[in-house]
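In: what's the 3D shape of this:
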Amino acid sequence: MLREWLLIPALAAGLCLTLAPSVHADDEAKPAVEETTAEDDASADESAEEESDADKADEDSEAHGESDSEAVHEEGEHGEESHDSSHGASAHGDEAHGEGHAAASPDPLATDPDLAWWTAGVFFLMLAILSQIAWKPIMEGLAAREEGITSNLAAADAKHEEAKALLEKHQQELAGAADQVRELLEEARRDADTTMAQAKADAKHEFELERERAMRDIDQAKDAAVRQLAERTAGMAIDLAGNVVKSDISSERQSEIVREALGRFVSSDPSNN
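Out: So this is what the prediction gives:
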């Protein structure tokens, strides 16, 4: 708020410093310029008169130079004195001209009471005018600007907090997703191990079933082959025995002999052990 209170006095002081020195400086510069011009004109007239006197003295000394050398010498000295006096007058004119210029340029550090009172009056007048006219719009503009800055800062803080909350939420979601991925990988690994073990067990079971089925088929084929071989062997033996004993054996007796021989063969077969 200090800047707002100092704004109007600063504007008034600036206007005072801009207007007052220019008016007062113009008033002081006019007499100084007039005095300098008058002094320059007087010095120029004196220098012209002295130079004309010196020229006349030189002409007189030249006219009487043939008659008397002493007169020439005295006239020469008089001419030198006139010339020196003319130079002195010229120097005096230059000094007067310099003093006129010095008087025309005022000292910036000098204190002028009239200028001080004028500046103070203009300052307070501008302060009163600006306080009545420009104070309210300036304060309203500054208040609106301060309110806008405050609201923008509050909105920025709210956005910052919202972004921070979203960031934390996303980080938590990422951490949860990583845990879920690890759990899914572990579950998939366990499922793969279980599936592999089950597949191995099923394959082994199927292998055992196929092996047992094949062994049964082999045993059945073996039994059938043995039975067929025994029947043929028994028939051949009976035929041979009939030829030997020269007697016929009935079919019932032949079947009974075959069954007995087959039973003895099966009981004596090593594969049944």
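
In: what's the burial count for residue 258?
Out: 19 (other C-beta atoms under 10 Å). To be clear about C-beta, it is placed using only N, CA and C from the backbone, and glycine gets the same treatment.

In: so how far is residue 220 from it?
Out: Plainly put, residue 258 is 20 Å away from residue 220 if you go by C-beta to C-beta, to the nearest Å.

In: again with residue 139
Out: Residue 139 sits 117 Å away from residue 220, going by C-beta to C-beta.

In: who's more crowded, these two?
Out: residue 139 (14 against 10).

In: Secondary structure element for the more buried one, which one?
Out: For residue 139, the host element (DSSP states H and E) is helix 135-245.

In: Tell me the helices and strands packed up against that helix.
Out: On a contact count with 3 or more C-beta pairs under 8 Å, 6 or more residues apart in numbering; DSSP states H and E, helix 135-245 meets helix 2-63, helix 251-267.

In: Could you tell me the least trusted of those helices?
Out: With a mean of 56, helix 2-63 has the lowest mean pLDDT of these.

In: Got the domain ranges for the chain?
Out: Structural domains assigned to the chain are 2-133, 214-272, following automatic domain parsing.

In: low pLDDT regions in the stretch 101-250 of the chain?
Out: Within the stretch 101-250 of the chain, the set of residues satisfying pLDDT under 70 comprises 101-111, 239-250.

In: again, only using 80
Out: Along the stretch 101-250 of the chain, segments meeting pLDDT under 80 span 101-113, 115-116, 127, 130-131, 134-135, 230-250.

In: Phi and psi next, for residue 134.
Out: The phi/psi pair for residue 134 (degrees, to the nearest 10) reads phi -100, psi -10.

In: And it, how far from residue 141?
Out: 10 Å.

In: Then residue 167?
Out: From residue 167 to residue 141 the distance is 38 Å (C-beta to C-beta).

In: One more: residue 159?
Out: If you go by C-beta to C-beta, the gap between residue 159 and residue 141 works out to 26 Å.

In: try residue 252
Out: Distance from residue 252 to residue 141, by C-beta to C-beta: 140 Å.

In: the more surrounded of the two?
Out: The neighbour comparison of residue 252 against residue 141 (other C-beta under 10 Å) goes to residue 141, with 11 against 8.

In: need the contact list for that one.
Out: Taking C-beta atoms under 8 Å, 6 or more residues apart in numbering as the definition of contact, residue 141 has no neighbours.
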